[in-house]
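# my questions are about this predicted structure, shown below with the sequence.
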Amino acid sequence: MSVRVYDLLIYGVEQLNSFYGVTILCSIGSQFVSGISRLFYFTIDANDFILGESITIGTTFLAASAFSSAYIYSLAKTCDLVVKKAEQFSKLLATRALNDKTGQFLANPHVAMHFASRKKVEFNVCGCFNLDLRLGCSMLAACVTYLVILVQINDQKK
């Protein structure tokens, strides 16, 4: 019974990936671009934020950045939790199969198919990247890289 639930989980994840992959890609991509532009604007006009001339804009930028980060973190954390639970299930199933002395457990066609197919639960966005906790670190590294490039280009223009 539980192997069928695992198969349904795989099917559900594949459906989520295909139906919502483009939507999630656009959402994360737009948040990434807007995050870089907010950081760039904050970096360029830091004196205005410190002097209080643009405190409303600065507060809005920081709130939007916090909301975007929380959205991406919660999405990645949820996907990561589902993947870890699925891996835990596969390990428990393998342990049970190894400890089965009668061979009846492996005689079940669903269990045999589970081990033969070796399908993994994996949330991905249009095949571009996986949706897990590494996503936040990757986005932060890319933001810092692009921010450095934008600041250098802006300094060359002055």
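Thanks, I have it. Numbering: from 1, shown residues only.
# and the residue of the chain positioned farthest from its centre, what's its pLDDT?
What lies farthest from the middle of the chain is residue 102; by C-alpha atoms, centre = their mean that is 41.9 Å. Residue 102 carries a pLDDT score of 83 in this model.
# and it, helix, strand or coil?
In three-state terms, and counting by DSSP: H, G, I helix; E, B strand; the rest coil, residue 102 is coil.
# ok, now how distant is it from residue 89?
As for residue 102, its distance to residue 89 is 22 Å (criterion: C-beta to C-beta, to the nearest Å). Any C-beta I mention is one placed from the backbone N, CA and C, and that applies to glycine too.
# on that earlier part again, show me what contacts the residue farthest from the centre of the chain?
By C-beta atoms under 8 Å, 6 or more residues apart in numbering, the contact set of residue 102 is empty.
# show me what whichever strand or helix holds residue 15 is packed against.
Under the assignment given by DSSP states H and E, the secondary-structure element containing residue 15 is helix 2-44. Helices and strands in packing contact with helix 2-44 are listed as helix 55-99, helix 109-117, strand 124-125, helix 134-157; criterion 3 or more C-beta pairs under 8 Å, 6 or more residues apart in numbering; DSSP states H and E.
# got the angle between that helix and helix 134-157?
Helix 2-44 and helix 134-157 meet at an angle of 20 degrees, taking axes from the mean of the first three to the mean of the last three C-alpha atoms, to 10 degrees as the criterion.
# ok and helix 2-44 relative to helix 109-117, angle-wise?
Helix 2-44 and helix 109-117 meet at an angle of 40 degrees, taking the same axes, to 10 degrees as the criterion.
# pull the contacting residues for residue 84.
Not one residue lies near residue 84 by C-beta under 8 Å, 6+ apart.
# for stretch 82-90, which residues meet the burial criterion?
82, 83, 86, 89, 90 (16 or more other C-beta atoms under 10 Å).
# for residue 76, give me its contacts.
The contact partners of residue 76, taken as C-beta under 8 Å, 6+ apart, are 131, 132, 133, 135, 136.
# distance of the closest residue to it other than its chain neighbours from residue 79?
Nearest in space to residue 76, with sequence neighbours left out and distances taken as C-beta to C-beta, 6 or more residues apart in numbering, is residue 135 at 4.8 Å. Applying C-beta to C-beta, one obtains 9 Å for the distance of residue 135 from residue 79.
# okay, now the unreliable bits of this protein?
Along the chain, segments meeting pLDDT under 70 span 1, 45-58, 158.
# ok, back up a step: highest average neighbour count across the helices and strands packed on helix 2-44?
When you average the neighbours per residue for each of these (mean count of other C-beta atoms under 10 Å), strand 124-125 leads with a mean of 19.
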